[in-house]
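Trainee: okay, predicted coordinates and the sequence, questions at the end:
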Amino acid sequence: MQLVPGSQIGAYVLQSLLGSGAFGVVWLARHAGNGARVAIKVLHPQAAVSRESVERFQREAWALSQLQSAHVARMYEFLTDPSFGMALVMEYIEGELLSDVFKRARFPVEDAIGLGIGILSGVSEMHQFGIIHRDIKPENIILRPDSAGWHAVIFDFNLSRVKNPSGGVSALTAMHAAIGTVPYMAPEQLLDARRVVESSDVYSVGTILYHAVSGTLPFDTKESLREKLHQEARPLTTGRSDNVAKDFEHIVAKALRRRPSDRYEKAKDMLGELTGLASRAAAAGTKR
């Protein structure tokens, strides 16, 4: 059966298509009983017959079920509908994709610090549960409005590498396969997705913050793939000479080091430095 507005999956009635990817589609839906809005992700029929795609989908559900961060989309229910197959019922997040924001604006350093703190807060919790996202990029981050303006929320765990409840690590990725989105992938991830470590996600966050402030990517030429494997990223230039901006440049540069051992080992380490920098930025603003 084809999904259309009005189709019902479990207790949820589909309203409008939110997006479509290689593995599935995401719909806005309402609970037939209480009217609550949710996002429902359903596997494409062609993906549903692939064992690997099904296992990826189940892995995404397990990963989301572990997380309670305000910076990660929450899962409400994982179900199998007799007509439409497996579906992942998630929190519906109102807001704007970071990728759309990037199309029209750059971030001041102070806003980029806040963006980094939000993303890293979510990434740090993932890492605590043995989850490496492997596809941290602007298209997978929504800026949700709140009393402070907005905060970042990460979604889409389809490419994540997860330590499963029995203690093993998922092994769905073929050896030497590169999985992710090239401009935001760490060098080691370009060579083999199984080589990713926590600092691989840190690299992706560093790329986002570089892009947020500069409007460009650390590697943005036709030779970017080769350069990323063999050279260090171009230094970020904020155009400012104050200590807050210079410290921010240093933090981003460390996140983008070519060798994983030269980066922040864990997301929480980079989060700690950005949080401290946010406090110093606030103090500097007060003095002005």
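Mentor: Structure received.

Trainee: so what's the residue lying closest to residue 144 once chain neighbours are set aside scoring on pLDDT?
Mentor: Distances taken as C-beta to C-beta, 6 or more residues apart in numbering put residue 95 closest to residue 144, at 4.1 Å, once the chain neighbours are dropped. Every C-beta, even on glycine, is put in place using the N, C-alpha and C of the backbone. Listed pLDDT for residue 95 reads 94.

Trainee: do the same with residue 88
Mentor: With respect to pLDDT, residue 88 scores 90.

Trainee: tell me, how many residues neighbour it?
Mentor: 25 (other C-beta atoms under 10 Å).

Trainee: quick check, it in a strand?
Mentor: Yes. If the criterion is DSSP: H, G, I helix; E, B strand; the rest coil, then residue 88 is within a strand.

Trainee: is it correct that residue 33 is in contact with residue 10?
Mentor: No. Counting by C-beta atoms under 8 Å, residue 33 does not reach residue 10; the two are 11.0 Å apart.

Trainee: and residue 39, its phi and psi?
Mentor: With angles defined as degrees, to the nearest 10, residue 39 sits at phi -110, psi 130.

Trainee: how about residue 31?
Mentor: With angles defined as degrees, to the nearest 10, residue 31 sits at phi -70, psi 130.

Trainee: relative to residue 40, how far out is it?
Mentor: Residue 31 sits at a distance of 11 Å from residue 40 (criterion: C-beta to C-beta, to the nearest Å).

Trainee: okay, and the common contacts of the two?
Mentor: residue 12 (C-beta atoms under 8 Å, 6 or more residues apart in numbering).

Trainee: more neighbours: which of those two?
Mentor: residue 40 (29 against 15).

Trainee: does that one sit in a helix, a strand or a coil?
Mentor: On the three-state scheme (three-state DSSP), residue 40 is labelled strand.

Trainee: report the beta-bridge partners for it.
Mentor: Note on residue 40: beta-bridge partners by DSSP bridges are residue 27, residue 89.

Trainee: what about it, distance to residue 21?
Mentor: From residue 40 to residue 21 the distance is 14 Å (C-beta to C-beta).

Trainee: where do the strands sit along the protein?
Mentor: Along the chain, counting by DSSP state E, strands occupy 8-9, 12-20, 24-31, 37-43, 75-81, 85-91, 96-97, 131-132, 141-146, 149-154, 161-162.

Trainee: can you pull out the helices in this protein?
Mentor: Assigned by DSSP state H, the chain shows helices spanning 45-48, 51-66, 98-102, 109-128, 187-191, 198-214, 224-230, 243-255, 267-287.

Trainee: winner for burial among those?
Mentor: Across these, averaging neighbours per residue (mean count of other C-beta atoms under 10 Å) puts helix 198-214 on top, at a mean of 25.

Trainee: for the closest residue to residue 217 other than its chain neighbours, grab the count of nearby residues.
Mentor: In space, and not counting its chain neighbours, residue 217 is closest to residue 183: 5.2 Å by C-beta to C-beta, 6+ apart. When neighbours are counted by other C-beta under 10 Å, residue 183 registers 17.

Trainee: I figured residue 183 hits residue 216, correct?
Mentor: No. If you go by C-beta under 8 Å, residue 183 and residue 216 don't touch, sitting 10.4 Å apart.

Trainee: show me the contact partners of stretch 256-264.
Mentor: By C-beta under 8 Å, 6+ apart, stretch 256-264 touches 186-188, 197, 199-200, 202-203, 206-207, 210, 218, 228-233, 254-255, 270, 273.

Trainee: right, so of the helices of the chain, which gets closest to residue 72?
Mentor: Nearest of those to residue 72, taken as C-beta to C-beta: helix 109-128 at 4.5 Å.

Trainee: what is the burial count for residue 80?
Mentor: Using other C-beta under 10 Å, residue 80 has 10 neighbouring residues.

Trainee: re earlier: residue 94 versus the residue nearest to residue 217, what's the distance?
Mentor: With distances taken as C-beta to C-beta, residue 183 is found 27 Å from residue 94.

Trainee: how about the residue nearest the centre of the chain: what's its closest non-neighbour residue?
Mentor: Nearest to the mean C-alpha position of the chain, counting by C-alpha atoms, centre = their mean, stands residue 136 at 3.4 Å. In space, and not counting its chain neighbours, residue 136 is closest to residue 204: 3.8 Å by C-beta to C-beta, 6+ apart.
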